[in-house]
Each structure stands twice: as C-alpha cells, then as structure tokens.
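> generate coordinates for the sequence data below:
(5 chains, ligands or ions: 4)
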Amino acid sequence: GDTVDSPSDSGGGTSDGGDTEEPSGGPVEGGNVNLAMFSPPENLFNPIFYTALYDAHILDITHEGLVSQDEEFTFIPQLAEDWDFNDDNTELTYKLRQDVKWHDGEDFTADDVVFTFTSLADPDYVTAGGVRVDYVNSLVGYEEYSSGDSDEFEGIEKVDDYTVTFKFKEASVKALSDTALAIIPEHVFADIPVAEIPEVAESRDAGSVIGTGAFKLKEYMEGEQYILEANEDYYGGAPHLDTITWKIVGQSVAAGMLENGELDYIPRDVAPQDAATIDELEGIELFEQPQLGYQYMGFKLHHGPDESLSDPSTWEVNEKLDNKELRQAIAYAFNRSGIVGDPEAGNGLLGGRGIVLDAPFPEASWAYNPDVIEGYEYSPEKAEEVLEAAGYVDANDDGFREDPDGNELVLNLDYPVGNETREKMAPIIQQDLEAVGLKVELKTPREAPAHFELVEKNNTDVDLYLAGWSLDSGDPDPSSLYKSTAPYNYPRWVNEASDQLLDDAVNPEFAFEQEYRQEKYVEWAQNFVDELPVLPVYSENEIHAWNSKLTGVTIKPFTFKNDTHLWQWTE
Amino acid sequence: MTKYIIRRLLQFIPMVILASIVVFFMAYLAPGDALSGENLDPNIPREVLEERREALGLNDPIHIQYYNWAKRAVTGDLGMSMHHTGRSVSDLIGGRLENTLNLSIFSLIITLVISIPIGIYSSRKPYSIADYSATTFAFIGLAIPNFFAALLGIYIFSFGLGWLPSQGSISAPNLTGLDYIGSKLKHMILPGFTLGLASTAIYMRYMRTEMLELRGSDFIRTARAKGLGNRSVLYKHTLRNALIPIITLLGLEFGTLLSGAVLVETVFNYPGLGTLFVGSISNRDYPVIMGINLILAMTTLLGNLLADILYAVADPRIRYD
Amino acid sequence: MSEPLLEVSHLKTYFEVNKTRTVKAVDDVSFQVNKGETLAVVGESGSGKSVTSLSIMGLLFSPPANIQGSVKLSGKELIGLSDKKLDQIRGNEMSMIFQEPMTSLNPVFTIGNQIAETLIKHKKISKKEAKNETVRLLKLVGFGRAEEMVKEFPHQLSGGMRQRVMIAIAMACNPKLLIADEPTTALDVTIQQQILDLMLKVKKEFQSSILLITHDLGVVAEMADRVLVMYAGQVVEQATAYELFTNPKHPYTVGLLNSMPKIDDEQKERLDAIPGVVPAAHRFPVGCRFAPRCPHATDECTAEMPNLLQVDDTRAVRCVLYKEEAVSV
Amino acid sequence: MTDKKVPLVEVKGLKKYFPINKGVLQRKVGDVKAVDDVSFTIYKGETLGIVGESGSGKSTLGRMVLKLIDATEGEIIFNEQNFAKIKNSEVRKLRRDMQMVFQDPYASLNPRMSIGELLEEPLLVHKTISSKEGRKEKAFELLEKVGLPREAYSKYPHEFSGGQRQRIGIARALSTNPEFIIGDEPVSALDVSVQSQVLNLMQDLQKEFDLTYMFIAHDLSVVKHISDRVAVMYLGRIVEIADKDILYKKPLHPYTQALISAVPSTDVTIKREKVALTGELPSPANPPKGCAFHTRCPHVHDRCKVERPILTQQGEGQMTACHLYTTEAAAAKAE
Amino acid sequence: MEPELSRQPDVIVGNKVPDEEKSLSPLQLAVRRFFKNKLAIVGVIIMILMVIVAIFADVIATHDPTRADLLNIEQRSSAEHILGTDGSGRDNFSRLVYGARISLMIGFFSMLSTVIVGGTLGAIAGYYGKWVDGLIMRLTDLILIFPFLLMVLTVVSILERMNITIFILVMALTNWPNIARVLRGTFLSIREKDFIMSARSIGCSDFRIIRKHFIPNAVGPIIVNATIMMAIMIIIESGLSFIGAGIPQPTPTWGNMLSEAQSIRVLRNNPETWLPPGLSILLVVLAINFIGDGLRDAFDSKS
Ligand SMILES: Nc1ncnc2c1ncn2[C@@H]1O[C@H](COP(=O)(O)OP(=O)(O)OP(=O)(O)O)[C@@H](O)[C@H]1O
Ligand SMILES: Nc1ncnc2c1ncn2[C@@H]1O[C@H](COP(=O)(O)OP(=O)(O)OP(=O)(O)O)[C@@H](O)[C@H]1O
Ligand SMILES: [Mg+2]
Ligand SMILES: [Mg+2]
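Ligands and ions are numbered 1, 2, ... in the order given. Below is the predicted model:
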C-alpha cells in the first residue's frame, strides 16, 4: 500500500481514503472487520455519562447526535434534518428526521432529545459521575433545574414530535456544537433515576444498549473484544458488513497482527515509528492526518495560591521566566522540527509524521492559519543573539548563562510519564537548551495525575513543563485554556490583550460570521506566539492502516466512524 | 485441624486490616487523584470536578475517608470505582480475578508438570547430558526477564510460526463448551509458560537436589534394605518426601505469581488483575487499588494457609492443634 | 563349627572421593557367619564396620563406591548381582537394622505401611494378610497395642520403639541373616537392654544368624559368639567372644580392653589409653596400620603390612608378635 | 581428697520449668519440668557424677549451675555467693571461676575461629592478660597442658579429630584458671580409646589444678571411673545420691539398680542378674504422679502412685528417694 | 605421684597432612572450594569483565550515551554506531557500556541496602527472639502479603518520581523481608549451637557474641542470598523499565534499552538494539547465579 495522503496537502482532511486505490475484485456483502483498540473501554456505553475515549469508539458507531460535521467542521444534518436560529440567535430549533428507529424498533422522536438534555441538567447528574454539563449550562433555566428549585427545564422544549427548540441564555456561537451530543432513548431510560443510569444494564450490557447508529452492540468480553452487529433497519441503508469487532490489543504487536491478518484496521493509533514499516507491507493501506490535539512546553509564568487559581491578582510572578526574550530564545533554541522529523528520511521522534505548531490551533481547524503568523524557526544562533541582547550572559564562565542580574539560572523541566514521544522529548529539550547555554534541570517524570495536579496547583519548583491538549471538533475557542481566569490556564498567563481578543472572538454580535472569528483568532494567535505563555511543539499525525480490501472508510479530521454502514469488503 | 484453620482465618483479620491501612494511606498520599490527569476535557467546568470530588469524599480528611471505606468494606462492599463511572469495584475485579487465577493456576500446573519429572530425571542421572541441559535451561530460565521471554515467545510462536495467539484470553466472546475451553487454553499457553518460567527453573533445581539429598538419607537406605524395587523406592519413598518442600513453596508462590502476572498480562494484553492494577494506579482509582490489594493480600494469606495445610497433609510430622 | 551362611572373602570397598583421593574404607576383609551364630564386629569409628555391612547388603552407590571381592549368602554370590536380583534377597533372606532409629523410618508413611510393604513385596501376600502379619510382628517385638500402632507414624514413637519397629521390619520375612549396625548406640542403657534382649529373642524364634556391628565391647560380651576386631579397614583379630575377652592378642584389642572403664572392676587410678587416633581412611600408613599407636611397634611393623595370621581354629591375628604361633599363612 | 569437705557449690531446691506455649497468643499450656526440685552440694576438689537417661534434665541442671540459663526456682550458692543475688555483670566475672566442657566436640567450638583465638578469647574477655604476647604464651601453655602441639595454635577446629577437639574444649575451659568445671557428657561422643585419653587428661588436670568437677554422663562405667560421688537423676529429680563405691556396690533405689544392671559387662566369666525395666521414660511435660518412677518400677506399691518420696539419708554417704526405704527408715527410727 | 603427670606424646596431630591443606580457616576453605567450581569461575570471569567495562565505560564508549541525535534514529549497525542507535538516536553501544555501570550499580546498591536493612532486622529478630522477633516477623508478613510488583508500583506512585536513589530505596523497602527471614533463620539456628553456649559460659558480652560468633557463621547465607538478590534486582529493574516505572530515560540502563524491544518492529528490525542488553542481563544474571551456586556449595560443605 501507499500513503494515501501526505500531511502537507491534507488541508482540511481528505475523505475516502479507502477509495483511492482500486480494489482488485468487486465488493461483497457481509463479513466482519477487526479493529484494533489499544486500551479497553470502561464499558459505560452511554453518551451522556461515558468518560473514556475508548467507550466513544463504540458509542460513535452505535449512537448519533442531531448534527454531525463534515471535513471542514461545518455542521451537517444527522438525526436532525434541518435547523433554524431565531433572530437574536438565542433559540435553536431542530426539525428531526422522521424515519429513524431505535435499535429496538421504537421510533426516534423529540421526546428522546428533550429527555437526553434534561438528564444532563438533572440535579443528580454530576454526583452520579456526569461531566458533560457544558452542553446544557448555557441553556435557560439550567441553574434552577439543576439545583432542584424548578421541576421544569426551560432550556429545551418539544414543539411537536419531530421538532425541538433549545433556548440559550444568550446568543452562543457554539450553539450547534453544544447540541451535537448523541441522543439516548427516552423509552429505555425514562423510569430509571438519573443517579442510577451509569449502573444499569441499559448503559452497559450488550443487547441492552440502544442507539440509532448503523451498528448495535451485540456482545463483548470485557477488555478483550466488542462485537457490533449491523443494524439492518438503519435509516441510511443497511450496512454492508455483518459485524465490526473491536479487539483490544497491545500497541506493540498491532502492526504484526495487521500483517498476519488478525486485524483488518488499526484506526488512528498506529505508532508513527511503525508507520514506515507498515507502509511497506503488501495489501495494507495507510492514511494519516494531523491530530486535533497538540503537545506543548508550558512556561510557568506565575505561581499562585491554590485556592485562587482564577484570581490573577493573587498570583506571584515567576521571575525566572518573566522575561519574554528568554522564552523566545528558548523557542528558537528548541529544535521542534527535529522532534517531528522528516518523512523522507524517517528521522525525528515522529518520523516526520506530524507538524510543528506555533499557535494552539490544530491544523484541521478553520482557525489555523500559519501563513499569517510569524513563528519560531529553529535557530540556535538567533537564540543566542536574543539572549545576549537581553542580558543573559555567562558571567562566571561555568558554561551556562546567568540571568541579567548575574544570578544563576536553572530551569526545572517537569514532565509526566505515559506518552512515549513526550518522554523522549524531555531530555532533548534539555540538550537543545544547554546548547545555547541555558541550564535545564530535568526532573524525573511523574505519573500523569501527580504531574498535572502539581502543574495546576502552582508548585513553585516547576518552571517548564510538558503537557498536551486534545481538542474537540466542536469549536476552536481556546478560552478555557488560555484566558487568565481559566482554571486550565496552567501557565497562569495574564494578558489583557489576549483576554480581550478571546472575548471578542465569541461576541455573539459578530461571531456568527466565521471570517470575523478567523480574523480575531489570527490576531490572538500572533499575540500568543509573541508572548509565548506556552510553546506548542507538535501535532502528531493520527495514522490509520487497514487492509486494502476494505473499502468505504471515510476519515474525517475528528472521526472515521461516521459512515460505517458504507464499509465494505471487496474480493 | 478445623480449629486450626479457623484460628488462622481469624488471624488474618488483623493482618488484613493492617494491610488495608498501609495501602490506603500509601495510595491516598500519592499526589493526584482520579479527577486529575491528562485526559481531562478542558470544557468540563472546574466546579463539576469539585462537586465530583466532594461527592466522592475526596475532600475529607484521610482518616475519615479510611473509616468510610472500611465501614463499607467490612460489609463486603468495596465501593464504586472513581474512574470507571458507575461501576462497582467488585464488578470490575470479578472478571479480572477469574482470568488472573486461571492464568496463575494454569501456569502453576505447567510448572509442576514440567519441573517435577525433569527434576526427577536429573536426579536419577546426575551429571548426564540431560541433566546438564536441564540445569542450563534452569539457569537461563532464571536469568531471562519474563517480559522479554514473553516478547520472544510472541515473536517466535505467534508471528514466526503462527501457532499461538499473542493477545487476549479468548478468541471470540460467544464460544461455548469445548471451543471455549480450547480457546481459553490456547490463549494461556504463551503467558502461562512465560509466567512460570522462573518457577519452573526453581522447582526443577529444587526437585533435583532434594531427590539427590534424600537418596543418601537413612530411611531411603532402609527402604532399599527392605528389597523394595527401584521404582518403589523412587516413586513412593523418595518422591513423597521430596514433594514436601515443593508443596510449601507452592502456597507461597501464589503471591509471586500474581505479581509476575502484571508484566505478563501487559505484554499479552491479558485482561487480568495485573493490567487493571497498573491502570488503576495511574488513574488514581483508589477504591480499585484498595480492592485489588485487599483481594491479593487475602489470596496470598489463603495461599500461605493452604501451603500450611498441604504441608500437614503431606508430612504427618506436622500437626496443628 | 557349623555350616557357613555368609562368606565374605577379600572384600575391598574403596571410595573414589576425587581423582587424587581414594578412601580405602574396607581393605581386604574376609570372614564368615555360620548358621545360627552371632558374629560381632567391633572397632573404632571409621574403621569400616558400616561400610562392610553396607557392602554386603549392596546398599552402597557405585560410583563412588568400588566393591571387589566376594560375598556369598548360602553359597550364592552377591557381588555383581543386578539390583533386581538383589532386591529378591534384601529384606527377604537377609535384612538390616541401623544405628539411627530416629531417621531410619520414612516419616511420611505409617508404621503398618512400612512393615506391610516388605511382606507384600517378598511374600506376595494380600494386603489384608499383610496387615494381620504386621500386627503379629508388632506384638512379637513387644508392642501391646499393636493394632493401633499400625496406624501411627514414626514421629509418634520414641527411639527405642522405633528400633523395635525396625526389628519387626527386618524380621518380617524371616531372614536367615540379620545385620545390625550399632542398633543400640543411640539408645539409653535401659532401652539398650530391652533391644538386645529382643534381638536374642527373635534370633531364637527365627533361628537366624546375626552380624552385630558395635563399638561397645560390653554389648559384644553379652551378645556375640564370635568377634571380629576391625582397625583401619582391616580385620586385626578374630576370636570367640570368650577367648577375646579372656585372652586378647592384638595390641589394639588389648589396648581397647584396657582403656575401657569397667563397671564391675575395682577402681583403677588411671586408664590405660591407646595414644593417638585412628588414621584417616585415605592415607593409611605403610606397614601395620596400628604401628603408630602400638607400644610394641618395631621397624618391621612400619616396613610391611603384617598378614592376618591364623593362630588356631577360631583365632586369627594381624600382628607380627604372633608369627611363631601362626598355624598357617 | 574429700576429707576437708568444704562446700564449693550448694544447690537448694532448684527447679527449671520450660513453658510450653501454644496457639496464636502463645499461651502457656503447661511446663516441661526439666529439673524439678533438686538439691545437692559439691565439695571442693571432688567430682560429682550425674547420671540419668536422656531427657532426665542433666544438661539443664548443669547449665543452671553455671547460670547459662536462669533457674525457675531455687538457690545456687557458689563460693558463698548466692547467684540469685548478684547482678548480671557480676555473673560474667564469676564465669572465670567456673567453666563448662560440652558434649559435642563438633558443635562446641566456633568453626570460624582458630584454636589460638578460641583459647585466647576467655583471656581477652576477662582481661586477665592484657598483652597479646602474653595471651599467646598462655595459649601455648594450655595446648601443652592438654597434650596438643604448638602448631595447633593457628589451626581451625575442623582440622582436628573429636578427641582432640575435646582437648581444645578443655584447654579453653582451663584458660581462666577456674576452680570448678562442669563436663556435660564430655566423653560421650568419643571412641573408647580416645575417651580414655580424655578421662585421663581430666583426672590429671584435676590433680594439677585442684579442680572441682561436676561430671555429667549417661555411661555408668565412665561415671564410676571418674567420680567421687554420684547422683542419679530420673525425670528431673535426683533419685539417689551416694559415694561412688557405695552406690555401685549397694544401689538402693530400684531405678539405680536397674540402671547398673543394664550396663553390659565385658566380663564374660560371670553372668550378672538383670533387673529388666519395661517401658520408656515418661515425658517431663507430663510426669507421673507420686514417684515419677512408679510406672516402670518392679517394686511399685500403692503409695508410690500418690506420694512423692523425698531424698532421705540412708546410712553414711547415701541418700535415696524411695518409699521402700522411707518406710523402713521410719520404721527403724520408730523402733 | 607428681612426676606421673606424664605428658607423653599421646596425640599425633593430623598425621602427615599434605602441606597445602594446612591451617586454612573455614572462610579460606570456602574460597578454595569456590574456586574449584568451574561454573563459578566462569561467573567470576564474566563479572570481572563486566565490572571492567563498567569502570572504563568512559574510555570504551564511543559516544555520549545520553546524547540524542534526532537525525539518526533507530539506525542499524554501522561504523559510526557499532550497535546502531535507539529510538532517540542515542548510540546503543555506548549505552550498553554505560548500562553495565548503571545496571551493576543499581543491582549492587539495591542488594546492599536490602541486605543492610533486612540483615539487621533479621539478625535482631533471630538474636533476641521473643517479642522482638514476633514484631519483626509480623512486619515481614505484612510486606510479604502484597505481591511484590504491586507493592513497588504503589510505593513509586507515592514517591511520585523514580530515579536511581529511589529505586534503591524502594527495593530495600520491599525486599528486606526475604533477607530478614533468611538471616533470622540462620541466627536462630546458630543460637542453638553449643559454641554460643560456650561463648556465654566464658563470659562474652552480647556484642562480642554477635560480632565474633554469630556474624562469621552467618556470612555464608548472607553472601549467598545477597548474590541472588543482586541478580533479582537487575531483573526487576528491567521489568519495571518495561512497564514504564523504571529508571527514567535518558539514563542508560540495560532495562531501559531492553524495553525498546516492546514493539515487534524493533524486535524484528533492530536486533542490535535489544539483543545486546538482553544478552548482558542474561549473562550477568547467569554469572551471578553461578557465583551464588558456587558460594552456596562452598559455604555449606557437608564434607
Ligand atoms: N560414601 C562414602 N564416601 C567416601 N568415604 C566414605 C563413604 N562412606 C564411608 N566412608 C569412609 O569410610 C570409612 C569407614 O566408614 P564406616 O562408616 O564404615 O566406619 P564405621 O566403622 O562404621 O564407623 P562408625 O562407628 O562411626 O559408624 C570412613 O573413613 C568413612 O569416612
Ligand atoms: N530450652 C528448652 N526449652 C524447652 N524444653 C527444654 C529446653 N531444654 C531442655 N528442655 C527439655 O528438658 C528436658 C531435660 O533436658 P536435658 O537436655 O536437660 O536432658 P539431658 O538429661 O541432658 O538429656 P541428654 O542425655 O539427651 O543430653 C527434656 O525433656 C528437654 O526436652
Ligand atoms: Mg558405622
Ligand atoms: Mg544433655
């Protein structure tokens, strides 16, 4: 097989990866596809409660939302045929498809939609383990309903059996993405208290989990295999395949299993280092595109008391990193493209299968626009220049630069375990920075929960830290990560211009225009790149590899599971 | 004997309590909790997390948390997982425990079936070529890290020769009867072997020295003086005595096996307690960590008890009362 | 006297400990045990008494043991016999009891089992018969509650009791020859007395011969018809018990008798000790092996090993002092 | 030798009970009455022999007298010092004057120490000789005393035979110039010819250094040979104690009689009368009531089963604990 | 009567012992027996070679073992990189050489700390017995009821981080019961020996008894177990590295190198990456086990 797509020209992501190569024989009906999953799901097959990515692998096939997105992230109909905003953009009304049936044969109606969203606002929802309140907390009457003060959730209203209206407290540019959550059947869950939903068979057991998707969960062995069976009554047409089987396998052996036919498709998670080898295999198709997430090196700009994470006035400046030039010099000194590497030579930690990012927008996002943003090319010379200019010189001849006041400067670099490439990156950063005379103390890695707790809680020892964000497809708004008051603003970055731009970008008065937002985000991104609260490093490619006899797989930047009913074997 | 067993079981209680305290404090003192970590969705409002923490009792002082945990644990309720929303710890552990036990027992059987006959053979023909090969195997078996043996096993037997499956504990979920057993067994062969590698080596050597040592003992000399045939001397008199230390080792082996299972399960993606535990540690899923530790501690204790009982059965000199 | 039951001639048992060291544990030993008699073998620790008996029984492993010479039981040669054939004889025609009653019984089987298995093996009788026979044997060796004993394990018995069980095992198949290797050394005097009495009793009952190995001259005096004195792997004197104690000839025998404190005699101020120690079995001196400790030693003694000299019908001495008395060489 | 009769060791009502612990809590469920109410005196310069069957408490008694283990009850007075009343630190000093020779020559010498070190250790511990040279000199002297060559100094125990090791053990015991030596079956493990060497040596040394011995053995001939007086123990008690000649000529206690008659004699010219004992020594954890010997005694009568006889004087130099004689004695007195 | 105390030469010492066998202390004898064991010699030679490599790692290594070279990742063998490079472009050969230093050091110091902790506690338990023994033994039971690796993982997660010092600490913390038990057993059995009674009877102090009588006689079991322990530590290190709980990169340890073989790709394509560290572990553990066996035979001479 060949690489179908090279990352450079993928743009918004290409579709129909599987169709590009002419299969040798004609299509056949039926059959099973073995998919690889590297960690077992947690077996909570309920869209409103699941937390693990791996459960989503199954739910994405068995359940559907009102709307979906195309390759450009534009919203397209799914369970809803059409939608409308009212004049002031505070109400969103969906017209639902009338031909949709649940796996158990019941009709899908507006009641299901209302039920799903009402459940999210239920007073017991959070204590039962639910975390998706961001889908409903912008709706009218959320507070009243979720606190139990009101029996009626005003935010969502059934107009008729196939029409529902969502009512927002204020106009929201994210309205569509906030209503795109997969729907659960009311007739199944109506009698179950929300608090118990995560525990009941209907959220867990094969045969009892009911969705509207092209496949239904037929049976599984926990931690080993999950078999999905074709939903012959699927409104989009009966699937070609009989079954889809997710197999839980170790990442280390997946490539081998693909080669000897035990697996048919390794979606998304082919190790970049394995890609070249797989690429050479006969009869295997490879597709790659940058992930929506990115890895970065954070600069702890402020430390602060733990109890006031969102009150910048209480924070304390981290003197070591306060100087913007220093941060910029670091950005010049760190050979990020070396990490990503060159696909031709196959070098770098990613073997060239990824891209270097400057601003924290994924390549696939419409907010991504590298052409207008000035980033940092790898240039140790430039770095040294900037450092000299800013007064960072080696005053005492110990081989390392001191700060402009002549004090010793040692930057502590903290990183977590759990991501192989990132773990490998840490010593390289140290090596790169020491090459320009900056002394980095490499802290031994912690486990992820410990690392993130310490990074978040303003541990004063931390200067540099490694982390990554994986973003969702819904909306590119980075406020929750970089607004000064956002708890996830791990660098504790305070910048008025940034805060302002972020607000402007979602200002409902203008923000329904994507161009307006694009402009704002470019402006924000340039400011971000200049100020450098974090240095984004790379966005790794997600790499798919499958048996080339399998056709009909459509890979979007955020999913490959949209049109599973079209998957088909060829002779 | 019954009284002894009951007394021993009662003795477990303080041990288990102590053990649970130790693990609880160790686990909870570790920084981070089930709600911190990397895979957090930045869209989740912090208040939600705080509310979850409060609901899970994570904000209580640690001794209160322990008290709450222990109060439920004594009624057999190990609580709900913090990471696997809505799943009880017993439920999570249940299926895994079965797999791990299956694997451990299988491995134990392989170990015994291989090591004892070879050990006997070696002792009968000491310093023969077969004996030297067995010794060499034993030394290598002890020297090779078991995850590495596992990888080599996969490389050779799964990918090279295609004989054995490399992953999981079963080939399909809906198997029944013989197919089920067959598939289970087939999936246990590689992990079972690698898991038992070191023990096989140890038992083999043990058996050999023990048999050789017994050969010169007074009562074996008596048996020979009685004119009993070689077979009777070997298989009745010698073997029976040589097995006594092996039997005691067996019970103690249990804990070791479960421990080795962590690595082996990881490589073979065998859904057992080991992998669950590793995951729970990195997710800070305290109730699960506690549950697994509790169960393993009890298994180990029961293993020890079993060893002692078997010991008494095998060796009439040992009497408990 | 009467016809020989066991004839041992030129028995040599050497152990190849390693390439440079050979232990000559038994070095050219000849003797015979007649039907119905008790022959005692005495000698210091390490003189080769046990190895002699084990060689007769074929219980040594070779290697390391290298056995040469001839051992005939009722005229049948035992050396070189296959294990299978030997097993027909051991425990059946000849049997043995050992020094350490505490460890000579298999701890994991019941007393009954261990007695019965000999019966089943050699007498080809059923389990049930074997059990009855076992009980009978236990009663014979003086156990009142034999029926219960059958189900007991060795550790439940004292040393004396175990030795009695050993005797029951040894006598189970009515052997012609009983070899007893220091059967009472580990026991207290009062218990020793019981065991010795028991041996005399079973000997009479079964009309067997006994080869009694001991280092206690008192036991010899009480039990033996004839005595063989061993020193450093060799027979140094052979005599009837009466002759030996009344008229010892070999300087070693003399020394041995004199160095014993005796309970019946009047008090001696000092004992006559034999100086020195028994030479180690892997480096015997040339010449007479006793010469380094012998008060009569001459150059002749250290030059050449003296032969065992037959001084009359029943006596033989390995000492140059008795050259003249020798009947034949 | 014994006419002076100055007591060196006085033992009064000495008891040693080893607790038998069982169960989880290691609760005490009983006692092994290893030594049960034993009294005797050892006079300066004499040898007191102790005989008895295995397990009768001989070693335990010896160890208590040396305060290697503490007595459960009773008094030991050594050289007018009461053991119960002196401090542990004092005991260590006392050890200079009393020493022990052990039964197993293979186990009683630390295999990792050379003979020189072994012999010098007591000197070092008690700081009797401060100079290294002096200690070495003393060690040579000791070696010579026990008839070992000087070369032995730098050798290790494993290079010696049993008899030689026993000599080393004796030399070690002698190194602090003690007055009193307890031999706990010092010749039991040795061959006859070697045993006589060691016995001779011990006798020689006793004369030379005016030593007092407590000589434990189970071989009655040996005890007879070396002792002045002999005590016979049975199940933790002394059943008879008498001057040697009296005891062997005219043993009173049925146990002593049986014991002596059970010794096989090398004299083939006479056949002695045997007093056969049936049965085994009962367990000291569960001794018979009354006279401990009654289960095996040929003269047992009802009183023996309930009342325990005490040691009473039976004429010059002989004491016996037996109802056969207490009644007689009582009767005699009454007359 | 006096002159009768004749000192006749009634003892002939070790009649004509060949000179070479003269006056060797038991320790020397053990050493001698040890060196007669061929496998043990092989073990010693391997270990000596390894230690030489470890000491002269700086000289032998061709590259900086921690220096990543992103342009040359997972290279096969070449003149420049004798054993190729690893996933970060570090020189495998140099890592192997430095790995010897670090892995041996880890093994040795983990063993040492375990032996010190376990040895001391075991000795105390065995010497004093009674409640001290009870307490210490309950403590060992407590630790031993947790499966070892799980215990290590839990401890590591509290300590947050893993580095060489912590590794050594954790090993001591989790492994000492094994040594303690052995030593306690040894001490208990020595306690019953007559020579201890003898030492007390001549008035030795507790301290002297421990120092001169217990320890020298416990040396055998200690050394044997320590040796085995060291082998175990090296294996454990590799196991922990494999599940990502070992010494973090870029520190070169054999375990770290071996865990590169986690993926079948490396296993298949780059044997020069995993075979040398794998063989080194095998060889060293084998050598240590040979030595351990040799020591065991040498120390418990039944002859
Ligand atoms: N298996 C063996 N290998 C090497 N040497 C042996 C073996 N068995 C016995 N010997 C040696 O043979 C010699 C004679 O031993 P044997 O056991 O016959 O002595 P013994 O007279 O029975 O002594 P004891 O009275 O101590 O039982 C001894 O030096 C002993 O060390
Ligand atoms: N430390 C101890 N703990 C418990 N019981 C003991 C202890 N030492 C001795 N005994 C018991 O005390 C009793 C007397 O033992 P002791 O060793 O004094 O007898 P002995 O007469 O010296 O026997 P032997 O002749 O076998 O040396 C025995 O039953 C023994 O089991
Ligand atoms: Mg013998
Ligand atoms: Mg004793």
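
> quickly list what the nearest residue to A:Ile266 once chain neighbours are set aside is bridged to.
Spatially, and ignoring its direct neighbours in sequence, A:Ile266 is nearest to A:Ala36 (4.3 Å; CB to CB, 6 or more residues apart in numbering or on different chains). The way it works is simple: take the backbone N, C-alpha and C, and place the C-beta from them, glycine included. Beta-bridge pairing for A:Ala36 (DSSP bridges): A:Lys247.

> would you agree A:Ala36 is in contact with A:Asp269?
Yes: A:Ala36 lies in contact with A:Asp269 (CB atoms under 8 Å); the separation is 7.4 Å.

> looking at those two, which is more packed in?
Neighbours per residue (other CB atoms under 10 Å in any protein chain shown) separate A:Ala36 from A:Asp269, with A:Ala36 holding more: 27 against 15.

> wait, what's in contact with the more buried one?
For A:Ala36, the contact set (CB atoms under 8 Å, 6 or more residues apart in numbering or on different chains) comprises A:Trp246, A:Lys247, A:Val249, A:Ala254, A:Met257, A:Leu258, A:Leu263, A:Tyr265, A:Ile266, A:Pro267, A:Asp269.

> what about those, which are in strands?
A:Trp246, A:Lys247, A:Tyr265, A:Ile266 (DSSP state E).

> what ranges of the chain fall below the confidence cut-off?
Just going to use chain A. Along chain A, the parts satisfying pLDDT under 70 run over A:1-25, A:473-474.

> you looked at the wrong chain, it should be chain D
Within chain D, the segments meeting pLDDT under 70 span D:1-4, D:22-27, D:327-335.

> all strands of it, in order?
D:7-22, D:27-43, D:47-52, D:73-78, D:81-82, D:98-101, D:180-184, D:212-216, D:229-234, D:237-243, D:312-313, D:318-320.

> closest to chain E out of the ones you listed?
strand D:98-101 (4.5 Å; CB to the nearest CB).

> given that closest one, what are its sheet partners and their directions?
strand D:180-184 (parallel).

> which parts of the partner strand are buried?
D:Phe180, D:Ile181, D:Ile182, D:Gly183, D:Asp184 (16 or more other CB atoms under 10 Å in any protein chain shown).

> closest one to chain C out of those, please.
Using CB to the nearest CB, the buried residues of strand D:180-184 come closest to chain C at D:Gly183, 14.5 Å.

> my guess is the closest one contacts D:Ile216. True?
Yes: in this structure D:Gly183 lies within contact range of D:Ile216 using CB under 8 Å: 6.3 Å.

> what segments of the stretch 51-200 of chain B are helices?
B:62-74, B:89-124, B:129-143, B:146-153, B:177-215 (DSSP state H, counting those that start in this stretch).

> with the stretch 101-250 of chain C instead?
C:111-123, C:127-140, C:146-149, C:159-171, C:189-206, C:217-223, C:241-246.

> would you tell me which helix is longest in the chain?
If you meant another chain, say so; for now it's chain A. Counting residues, the longest helix in chain A under DSSP state H turns out to be helix A:514-531.

> to clarify, I was referring to chain D.
Longest helix in chain D, counting by DSSP H: helix D:192-209.

> that helix: which residues count as buried?
Across helix D:192-209, burial judged by 16+ other CB under 10 Å covers D:192-206.

> same check, this time on stretch E:127-139
Of all the residues in stretch E:127-139, those buried under the rule 16+ other CB under 10 Å are E:Tyr127, E:Asp133, E:Ile136, E:Met137, E:Leu139.

> show me the contacts for the closest residue in space to B:Asp285 that isn't next to it in sequence.
Spatially, and ignoring its direct neighbours in sequence, B:Asp285 is nearest to B:His83 (4.0 Å; CB to CB, 6+ apart). Shown in contact with B:His83 (CB under 8 Å, 6+ apart): A:Glu42, A:Thr51, B:Ala34, B:Ser280, B:Asn283, B:Arg284, B:Asp285, B:Val288.

> returning to that earlier point: name the residues contacting each of A:Ala36 and A:Asp269.
Common neighbours of A:Ala36 and A:Asp269 (CB under 8 Å, 6+ apart) are A:Ala254.

> and which of the ones in strands among the contacts of A:Ala36 is nearest to chain D?
Lowest distance from chain D to the ones in strands among the contacts of A:Ala36 (CB to the nearest CB) belongs to A:Lys247, with 50.6 Å.

> surely that closest one meets A:Leu263?
Yes: using CB under 8 Å, A:Lys247 is in contact with A:Leu263, at 6.6 Å.

> can you give me the helices for chain E?
Ranges of helices in chain E, per DSSP H, are E:26-36, E:38-55, E:57-60, E:92-128, E:130-144, E:148-159, E:164-191, E:194-201, E:206-208, E:215-242, E:254-258, E:264-269, E:271-299.

> in chain E, which residue is closest to the centre?
What sits nearest the mean C-alpha location of chain E, by CA atoms, centre = their mean, is E:Met230, with 2.5 Å.

> distance check, it against E:Gly107.
For E:Met230, the distance to E:Gly107 equals 5 Å [CB to CB, to the nearest Å].

> with D:Ile168 instead?
Distance, D:Ile168 to E:Gly107, by CB to CB: 42 Å.

> how far away is D:Gly147 from chain B?
36 Å (CB to the nearest CB, to the nearest Å).

> cool, and C:Thr52?
Counting by CB to the nearest CB, the gap from C:Thr52 to chain B is 15 Å.

> intersection of neighbour lists for A:Lys247 and A:Leu263?
When CB under 8 Å, 6+ apart defines a contact, the residues bordering A:Lys247 and A:Leu263 alike are A:Asn34, A:Leu35, A:Ala36.

> follow-up on the earlier one: looking at the helices of the stretch 51-200 of chain B, which is buried most?
helix B:146-153 (a mean of 24; mean count of other CB atoms under 10 Å in any protein chain shown).

> distance between stretch D:285-295 and the chain's centre?
From the chain centre to the centre of stretch D:285-295 is a distance of 22 Å (CA atoms, centre = their mean, to the nearest Å).

> contacts for that stretch next, please.
D:20, D:30-33, D:36, D:234-237, D:239, D:253-255, D:279, D:282, D:297, D:300, D:303-309, D:321-323.

> now, of those residues, which are buried?
D:31-33, D:36, D:234-237, D:239, D:253-255, D:282, D:297, D:300, D:304, D:308-309, D:321-323.
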